[in-house]
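Enquirer: Predicted model and sequence follow; I will ask about them next.
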Amino acid sequence: MSDGAAQGDDDLKSRIAVLEAELASVRRAHDQQAEMRERAEHEREQYRKLYTLVLYELERLKRQLFGKKAETVDPTQVQLVFGPVFDALARAEQGDKGAQDDVRAELEKLKAAAEKAKAEAEANKPKPDKDHKGHGRRNFDKEQAPVVEIVLEPPERNLPGGELLEKIGEEVSEHFEYRPASIVRVRVVRPKYRRPTPAPDQSPIAIAELPDRPIPRSVAGPGLIAHVITQKYADHLPLHRQQEIFKRQGVHLPRSTLANLVQGGATLLGTITESMWQDTREHAAWLAIDATGVLVLAAEQCRRGHFWVVVAENGHVLFRYTKKHDGSVPVELLAGFRGYMIADASSVYHELYRSEPGVIEVCCWAHAPTVL
């Protein structure tokens, strides 16, 4: 054999050896991939079992929360209860070998805690009162309605010799009755007298002064004015319905008259609200203010107005409606105020900060955590 042929055989053997080594490496990689795939499938099956178990426990707790059971679980504790389970699942996803055992251990703790809570609930469940005989009638002593007492004597009491009956007790039963509201006509009578010897600065006629009415020359007294306003704004009863109710009671009060009563009552109440505003400006150490836009009905197109709400430290809650929403409104509402003002970052308050150096700006508390 020539040297060239021998060299060729050596190269062929060398290439065969390299290919066999590569084939062995590929087989080892294939075996590793197959082993990893089997391990992944096994872990996936384990996760599926754990997931099903967690869903079962969650459904059981939801039934305790929302089902028709006496023993319930505080909703705020659900996330805290499942916290360790979620942590263990997160560690398992990161490749922690002992995480599966941790999940099982935490679920066993959940089961034990649920059984313990159920046992405690059964133990602490109040025992029914043996003397209790159903719901019975309501306790009338807690009601605030006036009491009208009606005494029913037996017929024998009115017969001859009835005074000889000896009272040994009484039975009391109660129920509610309705007395329709009514309007009364108040007639103020002022007798006039003639003075026999009047003083030089006196009138010869003596007569009492006529009491002032809330609305001059109005047919309504303070009780009727308060009733109309309460019915309109507290009970949401429009004036035309009130007119019909008064008509059934035998009094004709036109809607225009009722509107005048509302307007006159609002004027009277305005003095009280102005005093509240003045007290807030002069004595409140702090206040909170905000405004909201509202649509106001107009002839052609709704226009936008604004309601300003002020909550003061002295307990006042104030409202003011304005047509505009600019810096002049807070200056007008809070002129003379000295103290802390809680408001948002709207530019409408900048003029107040500049014109009233005693006003200390406090940021909106809803945004305070993000600022801190």
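Expert: Everything's here; your move.

Enquirer: give me the element Leu295 is part of.
Expert: Element membership for Leu295 (DSSP states H and E) is strand 286-296.

Enquirer: elements contacting whatever helix or strand comes next after that strand?
Expert: Counting by DSSP H and E, the next helix or strand C-terminal to strand 286-296 is strand 303-312. When contacts are defined as 3 or more Cβ pairs under 8 Å, 6 or more residues apart in numbering; DSSP states H and E, strand 303-312 sits against strand 286-296, strand 317-322, helix 328-333. Quick note: C-beta positions are derived from backbone N, CA and C, even for glycine.

Enquirer: Note down every partner strand of strand 303-312 and its orientation.
Expert: Neighbouring strands of strand 303-312 in its sheet, by DSSP bridges, are strand 286-296 (antiparallel), strand 317-322 (antiparallel).

Enquirer: And the contacts of the longest one?
Expert: If I follow you right, that is strand 286-296. With contacts defined as Cβ atoms under 8 Å, 6 or more residues apart in numbering, strand 286-296 is touched by 280, 302-313, 325, 329-330, 334, 337, 339-344, 346, 348-349, 362.

Enquirer: What's the mean pLDDT across it?
Expert: Taken as a whole, strand 286-296 has a mean pLDDT of 90.

Enquirer: Please identify the buried residues of it?
Expert: Applying a neighbour-count criterion of 16 or more other Cβ atoms under 10 Å, one finds Leu287, Ala288, Ile289, Ala291 buried in strand 286-296.

Enquirer: Nearest residue to the first one in space, please, no chain neighbours.
Expert: Of all residues not flanking Leu287 in the chain, Ala312 sits nearest, at 4.6 Å (Cβ to Cβ, 6 or more residues apart in numbering).

Enquirer: Looking at the buried residues of strand 286-296, which is nearest Gly264?
Expert: Ala291 (28.5 Å; Cβ to Cβ).

Enquirer: For that closest one, list each beta-bridge partner.
Expert: Trp308.

Enquirer: I'd like the numbering to begin with 55 instead of 1 from here.
Expert: Renumbered: residue one is now 55, and that last one reads Ala345.

Enquirer: thinking again about what came up before, out of the strands paired with strand 357-366, which is closest to Ala288?
Expert: Ranking the strands paired with strand 357-366 by proximity to Ala288 (Cβ to Cβ) places strand 371-376 first, at 15.2 Å.

Enquirer: thinking again about what came up before, the residue nearest to Leu341 touches Ala338, doesn't it?
Expert: Yes. Counting by Cβ atoms under 8 Å, Ala338 is a contact partner of Ala366 at 4.2 Å.

Enquirer: in the stretch 155-304 of the chain, what spans have low per-residue confidence?
Expert: 155-158, 160-161, 164-165, 167-168, 171, 175, 180-192, 194-196 (pLDDT under 70).

Enquirer: quick revisit: quick one, which of the strands paired with strand 357-366 gets closest to Asp266.
Expert: Counting by Cβ to Cβ, and looking across all of these, nearest comes strand 371-376 at 27.8 Å.

Enquirer: what is the rounded mean pLDDT of the closest one?
Expert: On average, strand 371-376 scores 92.

Enquirer: Send over that strand as CSV, restricted to the C-alpha atoms.
Expert: C-alpha atoms of strand 371-376 as CSV (Å, rounded to 0.1, in the frame of the first residue of the first chain):
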residue,chain,number,x,y,z
VAL,A,371,-71.4,73.0,55.6
LEU,A,372,-72.0,75.8,53.1
PHE,A,373,-73.2,75.9,49.5
ARG,A,374,-73.2,78.8,47.0
TYR,A,375,-74.3,78.9,43.4
THR,A,376,-72.5,81.1,40.9
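
Enquirer: show me the contacts for Val316.
Expert: Val282, Ile283, Lys286, Leu293 are the contacts of Val316 under Cβ under 8 Å, 6+ apart.

Enquirer: these two touch, right, the first one and Gln317?
Expert: No. Checked against Cβ under 8 Å, the pair Val282 and Gln317 is beyond contact range at 10.8 Å.

Enquirer: which secondary structure element contains Ala199?
Expert: Counting by DSSP H and E, Ala199 is part of no helix or strand.

Enquirer: Leaving out chain neighbours, which residue sits closest to it?
Expert: Phe230 (7.1 Å).
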